[in-house]
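*Asks:* pasting the sequence and the predicted model now:
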Amino acid sequence: QVQLVESGGGLVQAGGSLRLSCAASGRTFSSYAMGWFRQAPGKEREFVAAISRSTENTYYADSVKGRFTISRDNGKNMVYLQMSSLKPEDTAVYHCAASPPWRAFQAMSAASYDSWGQGTQVTVSS
């Protein structure tokens with residue numbers, strides 16, 4: 001497993017932007033596919049975005065497509081989620097997750113990931 005620490009959350013007005021960061025430990029970071037999930041109060045955890053090990057493939061939930069961009073820097077062991085045109089319904093705790101190379105990768109399935117960060121709160125006011 002890798003250790004994951006998110007940062008960059010905060011309070012923003014609707015229409016604004018935030019960039020979330022996820023710092024990963026370990027020398028094998030580049031072998032992990034990475035994802036972002038979110039959970040709002042009283043709701044199930046939901047998939048937001050994911051990126052493959054080689055950065056060739058990215059995946060997005062329909063609700064964020066065109067507004068959010070996931071990226072990674074394997075040299076720095078970092079994953080980012082650039083969020084734009086934020087809406088109140090984007091309010092949630094955002095978690096970074098890592099999918100190991102020995103596990104079948106289905107980007108939208110939480111079962112593909114075996115390491116999770118503690119999360120960072122994003123609040124969008126109307």
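*Replies:* Looks like it arrived, so ask away. Bear in mind that the values here come from a model prediction, so they are computed numbers and not experimental data.
*Asks:* so what pLDDT did the residue nearest to Ser85 when sequence neighbours are not counted get?
*Replies:* Distance criterion C-beta to C-beta, 6 or more residues apart in numbering; nearest residue to Ser85, sequence neighbours excluded, is Arg67 at 4.6 Å. C-beta coordinates here come from the backbone N, C-alpha and C atoms, glycine included. On pLDDT, Arg67 comes in at 98.
*Asks:* and Arg67, how far from Gly10?
*Replies:* Distance check for Arg67 against Gly10: by C-beta to C-beta, to the nearest Å, it reads 17 Å.
*Asks:* do the same with Ile51
*Replies:* With distances taken as C-beta to C-beta, Ile51 is found 23 Å from Gly10.
*Asks:* repeat that for Leu20.
*Replies:* Computed as C-beta to C-beta, the Leu20 to Gly10 distance reads 10 Å.
*Asks:* which neighbours do those two have in common?
*Replies:* In terms of C-beta atoms under 8 Å, 6 or more residues apart in numbering, Leu20 and Gly10 are both contacted by the residues Val122.
*Asks:* looking at the two, which is more packed in?
*Replies:* Each of Leu20 and Gly10 has its neighbours counted (other C-beta atoms under 10 Å); Leu20 has more, 24 against 13.
*Asks:* list the helices and strands the strand or helix carrying the more buried one packs on?
*Replies:* Assigned by DSSP states H and E, Leu20 falls within strand 18-24. On a contact count with 3 or more C-beta pairs under 8 Å, 6 or more residues apart in numbering; DSSP states H and E, strand 18-24 meets strand 4-7, strand 33-39, strand 78-83, strand 92-99, strand 120-125.
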